[in-house]
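Asker: When you get a sec, could you give me coordinates for this:
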Amino acid sequence: MGAPATTERAILSDLAELFSYPRGDVAGIARHCIALLGSRGAAASALRGFADWAGNVDAGEMEEVYSATFDLEPICAPYVGWQICPDPERRNLFLTALSDVYSREGFRPREELGDHVAEVLRFLAVARDEEARRTLLHEGLAPAARRMASSFDARSNPYRWLVAALAAWAAPAAAQRPVQEARP
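Answerer: Numbering: from 1, shown residues only. Okay, here's the model as predicted:
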């Protein structure tokens with residue numbers, strides 16, 4: 001795997017940790033991700049705001065803000081299926097299809113439902129099937145991230161920066177399609 005693919009997978013891993021319930025050095029993970037993003041302006045810029053906030057609060061406050069943002073009467077539901085198909089029956093179909101994709105790759109979600117943004121990011125970081133990765137990114141994560149970003153109003157919720165960073169990163173990443181090899 002080349003350096004760009006390795007970097008993309010490391011970015012995905014960092015973002016997965018940042019969308020998980022906060023533990024460890026969240027600000028450090030965010031700064032590492034910023035370094036990996038390099039010149040990807042909007043994503044790195046948004047993530048800087050989140051890293052600055054994370055570096056200036058204690059673990060208890062971070063956990064409280066995370067729960068208020070994503071768990072308890074969430075401002076922003078962190079579930080790809082819910083974001084792209086809020087109808088429960090359609091979301092169930094999405095979860096079933098996602099489970100099939102995960103099974104083919106031998107992937108099992110760690111902590112959350114399979115469509116939680118953290119789990120989708122973890123999968124994208126390790127999946128071998130490039131077409132499955134691109135389809136999930138293009139048709140699932142990118143539109144979900146856009147919708148999640150639009151759920152924040154003018155409130156000063158610091159997780160808006162993390163969601164904005166994901167949306168900014170996912171849009172161009174979803175637009176990139178691997179070059180198909182010529183077949184004889």
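
Asker: dump the residue contacts of residue 122.
Answerer: 12-13, 16, 107, 109-110 (C-beta atoms under 8 Å, 6 or more residues apart in numbering). For every residue, glycine as well, the C-beta is placed using N, CA and C.

Asker: repeat that for 6 Å
Answerer: residue 16 (C-beta atoms under 6 Å, 6 or more residues apart in numbering).

Asker: just residue 123 next, same as before
Answerer: Residues near residue 123 by C-beta under 6 Å, 6+ apart: residue 107.

Asker: which parts of the host helix or strand of it are buried?
Answerer: Using DSSP states H and E, residue 123 maps to helix 117-126. By neighbour count with 16 or more other C-beta atoms under 10 Å, helix 117-126 contains the buried residues 117-125.

Asker: Going by distance to residue 151, which of the residues you listed wins?
Answerer: Of all the buried residues of helix 117-126, residue 151 sits closest to residue 117, with 12.7 Å by C-beta to C-beta.

Asker: where are the low-confidence patches of this structure?
Answerer: Scanning the chain for pLDDT under 70 picks out the ranges 1-4, 39-40, 154-155, 173-184.

Asker: How many residues are close by the closest residue in space to residue 111 that isn't next to it in sequence?
Answerer: Leaving aside its chain neighbours, residue 111 sits nearest to residue 20 (6.7 Å; criterion: C-beta to C-beta, 6 or more residues apart in numbering). Residues lying near residue 20 (other C-beta atoms under 10 Å) number 23.

Asker: Residue 118 is in contact with residue 20, correct?
Answerer: Yes - Residue 20 is in contact with residue 118 according to C-beta atoms under 6 Å; the separation is 4.4 Å.

Asker: Give me the common contacts of these two.
Answerer: Common contacts of residue 20 and residue 118 (C-beta under 6 Å, 6+ apart): none found.

Asker: Check the buried residues of helix 117-126 and tell me the two furthest apart.
Answerer: Across these, the longest distance by C-beta to C-beta is 12.5 Å; it joins 117 and 125.

Asker: Turn the buried residues of helix 117-126 into JSON lines, including distance to residue 35.
Answerer: Output for the buried residues of helix 117-126, formatted as JSON lines (distance: C-beta to C-beta, whole Å):
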{"residue": "117", "distance to residue 35": "22"}
{"residue": "118", "distance to residue 35": "21"}
{"residue": "119", "distance to residue 35": "24"}
{"residue": "120", "distance to residue 35": "23"}
{"residue": "121", "distance to residue 35": "18"}
{"residue": "122", "distance to residue 35": "20"}
{"residue": "123", "distance to residue 35": "23"}
{"residue": "124", "distance to residue 35": "20"}
{"residue": "125", "distance to residue 35": "17"}
